[in-house]
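Novice: Sequence and predicted structure, then a few things I'm wondering about:
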Amino acid sequence: MHDEQISPIAAAAGAGDPTPSLRRCIALLRSHSSLPHLRQTHAHALRTGIPLFHPLLAKHLIFSLISLPSPPLSYAELLFSLLPNPNIFTLNTMIRGYAESPHPLPALLLHRRMNAASLPPDSHTYPFLLKACARLLDLRHGESVHSLSVKNAHTSSVFVQNSLLHFYGACGLFESAHQVFEEMPVRNLVTWNSVINGFALNGRPNEALTLFQQVLDEENVVKPDGFTMVSLLTACAELGALALGRRVHLYIIKSGLYQNSHIGNALIDLYSKSGVAVDACKVFDEMPDRTVVSWTSLIVGLAVNGFGKEALKFFDEMEIGKLKPTEITLVGVLYACSHCGLVDQGFRYFNQMKDDYGIVPRIEHYGCMVDLLGRAGLVNKAHDFILNMPLEPNAVIWRTLLGACAMHKRVGLGEVAWSRLIKLDPGHSGDYVLLSNLYAGGSRWTEVQKLRRSMIKGGVKKTPGHSLLELGNKVYDFVMGDQSNPETDLIYEKLEEIAKRLRKEGYVARTTNVLADIQEEEKETALCYHSERLAIAFGLMKSAPGAAIRIVKNLRVCEDCHLAIKLISKVYEREIVVRDRSRFHHFRDGICTCKDYW
DNA sequence: ATAGGGTTAG
């Protein structure tokens, strides 16, 4: 139909029937995959007398250009603008080009122009448009594309449905994604992967894993692949769901997918984020194809688990293997130095990174250096470093300094950092908590009260702390003061018992940090009900004696809980692994691997 | 011609 539309122009250009030379040019355009070749063919076509914007030539040339690995958009745009009546094929090609480019917005503008010209999309248009919407996180436009596809009765295509699924997942509307999924009569592998990934990306790992069980039930229809595995492993890693992750790992081995390097990287990440660095190393050793990402994941993983020196050893080995580190690798390296107090070595890496690896330090690297100095107690040096850095310090930089001040009880400098933070990122509840702890640590109760009032007045709400605990096949979520667990009464009884036994060991609650819990008035009770305590109590009740207890917490562990957990590990003879917001704590026999420094 | 993936300072 659209070819008919353009045929008058084609006829005017002398191309009602492609001439043999035009046909040869088109064949050449279709077979070549490099820009110079395409340019050459284009020039050749013009030399043999084919008009500059011959529609057939333009259509194939634009298609070939957009299909190049990094498409020369301006060249395609020029040709496109010369076409008086672009057909739907060429429009789709241009929309695809924009949708896949670093700046997808023009794809949506082109869609608006099509709307204005009452040119309806065909079933191929929607996936490109939805891809652009997904990448731009443009929910409104995406939803309008959805209703348009319904209106034009184009939703029966699996491609359109999968694109909708992916779009909703990418924009965080996993429920809408799931609804599209539920209504699909035919589902292929991409369908399953998109819906699983939609849940995995949006912090719903339990749903992702449930869906995986469903695919396995339908194994004869759809067989999960590497993409599925990476999504699942990512979901498990986020939860610290080690047992579930191990089951996925078994499936990977059984199904012969273990050679896939992306899966290997995801496994390294899973074991690192679950606090089993040994297994992360084992996966790394057994990987047939290690990429920079594999090395980087392992280095970061070792560093967060407190094995900074081992992390640096791997970095040296990587250099010997002539593998070029990325900027992320260097973040890992500096992170390792900072968590192990290796100040001088950290500075050596930092000062050499441009010369040795051609990597110009980014704000993240400067952040590591502030952390490195701050953790080591050199808070004034950290402040000087911030004042002299060539990049504009952001909120994270000042927050790092504030954290160091809280750690080393430096009220004056902490207030300097705070004054920057309320301008750069007002209303960040974590900053209030840090400053409050700093004041409380110095017994500055008036300031604490003032801060508390301004927090209430400004409507700043503390992020509720919650802890995850994996038992059997399930991951349990505990929130402070939570009563939703059917065994709440038993948990609270257990907490009583724990409190009694700890007191016998000479435990006294440290209530200085409790002021963070703005609404809670009874300090000591509040401490006992911190989410990690609930999770540990439940873990002690439900797991076999001597079994390790693993907790993942969304915030940092408070000083009092840290002390209590150390004692619990001793009294109950349990290894307790807590993944903090920023690092790992491995408690065993009354000691923590962070050396009380976090 | 049409859909999907991993590592990043606090």
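Specialist: On my side now, so go ahead.
Novice: all contacts plus neighbour counts: C-alpha atoms, from now on.
Specialist: Fine.
Novice: Can you pull the poorly scored residue ranges out of the stretch 451-598 of chain A?
Specialist: A:510-528, A:597-598 (pLDDT under 70).
Novice: Please identify the residues of it in proximity to DNA strand B?
Specialist: The stretch 451-598 of chain A has residues A:S582 near DNA strand B, with proximity defined as C-alpha under 7 Å from any atom of the strand.
Novice: can you give me the strands for the stretch 451-598 of chain A?
Specialist: A:466-471, A:474-479, A:549-553, A:576-579, A:584-588, A:591-592 (DSSP state E, counting those that start in this stretch).
Novice: Show me the one of the ones you listed that comes nearest A:C281.
Specialist: Nearest to A:C281 among the strands of the stretch 451-598 of chain A is strand A:584-588; the distance by C-alpha to C-alpha comes to 16.7 Å.
Novice: So what touches that closest one?
Specialist: A:275, A:304-306, A:565-566, A:569-570, A:573-579, A:592-594 (C-alpha atoms under 8 Å, 6 or more residues apart in numbering).
Novice: Please repeat the previous calculation with a cut-off of 6 Å.
Specialist: The contact list for strand A:584-588 (C-alpha atoms under 6 Å, 6 or more residues apart in numbering) reads A:305, A:566, A:569, A:575-578, A:592-594.
Novice: Out of those, flag the one nearest to DNA strand B.
Specialist: Nearest to DNA strand B among these, counting by C-alpha to the nearest atom of the strand, is A:N305 at 11.8 Å.
Novice: what residues are up against the closest one?
Specialist: Counting by C-alpha under 6 Å, 6+ apart, A:N305 has contacts A:F584.
Novice: Packing partners of the lengthiest helix in chain A?
Specialist: Across chain A, the longest stretch assigned as helix under DSSP state H is helix A:488-504. With contacts defined as 3 or more C-alpha pairs under 6 Å, 6 or more residues apart in numbering; DSSP states H and E, helix A:488-504 has no helix or strand neighbours.
Novice: For the residue positioned nearest the centre of chain A, give its distance to A:Q483.
Specialist: Closest to where the C-alpha atoms of chain A average out (C-alpha atoms, centre = their mean) is A:L201, at 7.4 Å. Counting by C-alpha to C-alpha, to the nearest Å, the gap from A:L201 to A:Q483 is 28 Å.
Novice: got it, and A:F212?
Specialist: A:F212 is 30 Å from A:Q483, by C-alpha to C-alpha.
Novice: of these two, who's got more company?
Specialist: For the pair A:F212 and A:Q483, the greater number of neighbours falls to A:F212 (20 against 13), based on other C-alpha atoms under 10 Å.
Novice: List the residues that contact the residue nearest to A:A548 when sequence neighbours are not counted.
Specialist: Using C-alpha to C-alpha, 6 or more residues apart in numbering and skipping the chain neighbours, the partner closest in space to A:A548 is A:E575 (4.8 Å). Taking C-alpha under 6 Å, 6+ apart, we find A:E575 in contact with A:548, A:569, A:587-588.
Novice: Tell me the one among those nearest to DNA strand B.
Specialist: A:F587 (19.9 Å).
Novice: rewinding a little: dump the contacts of A:E575 to a markdown table, plus neighbour count.
Specialist: Below are the contacts of A:E575 laid out as a markdown table (neighbours: other C-alpha atoms under 10 Å):
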| residue | neighbour count |
| --- | --- |
| A:A548 | 18 |
| A:S569 | 22 |
| A:F587 | 24 |
| A:R588 | 20 |
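Novice: Adding distance to A:I422, write the residues you listed out as TSV.
Specialist: Converted to TSV, the contacts of A:E575 look like this (distance: C-alpha to C-alpha, whole Å):
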residue	distance to A:I422
A:A548	41
A:S569	39
A:F587	36
A:R588	39
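Novice: ok, of the residues you listed, which one's closest to A:L434?
Specialist: Closest approach to A:L434 among the contacts of A:E575 (C-alpha to C-alpha): A:F587, at 24.0 Å.
Novice: which residues does the closest one bridge with?
Specialist: A:I576, A:C592 (DSSP bridges).
Novice: closest one to A:P121 among the strands of the stretch 451-598 of chain A?
Specialist: strand A:474-479 (44.9 Å).
Novice: just checking, what packs against that closest one?
Specialist: strand A:466-471.
Novice: Look at stretch A:398-418 and report the distance between its end residues.
Specialist: For stretch A:398-418, the end-to-end distance is 8 Å (C-alpha to C-alpha).
Novice: Is it possible to get JSON lines of the strands of the stretch 451-598 of chain A that adds distance to A:V283?
Specialist: Compiled in JSON lines, the strands of the stretch 451-598 of chain A are given as follows (distance: least, C-alpha to C-alpha, whole Å):
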{"stretch": "strand A:466-471", "distance to A:V283": "22"}
{"stretch": "strand A:474-479", "distance to A:V283": "24"}
{"stretch": "strand A:549-553", "distance to A:V283": "21"}
{"stretch": "strand A:576-579", "distance to A:V283": "21"}
{"stretch": "strand A:584-588", "distance to A:V283": "20"}
{"stretch": "strand A:591-592", "distance to A:V283": "26"}
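Novice: buried set for the helix or strand harbouring A:R39?
Specialist: In this structure, A:R39 sits in helix A:35-47 according to DSSP states H and E. Residues A:35, A:38, A:41-42, A:45 are the ones in helix A:35-47 that count as buried (16 or more other C-alpha atoms under 10 Å).
Novice: ok, now stretch A:437-455?
Specialist: Buried, per 16+ other C-alpha under 10 Å, within stretch A:437-455: A:437-441, A:448, A:451-452, A:455.
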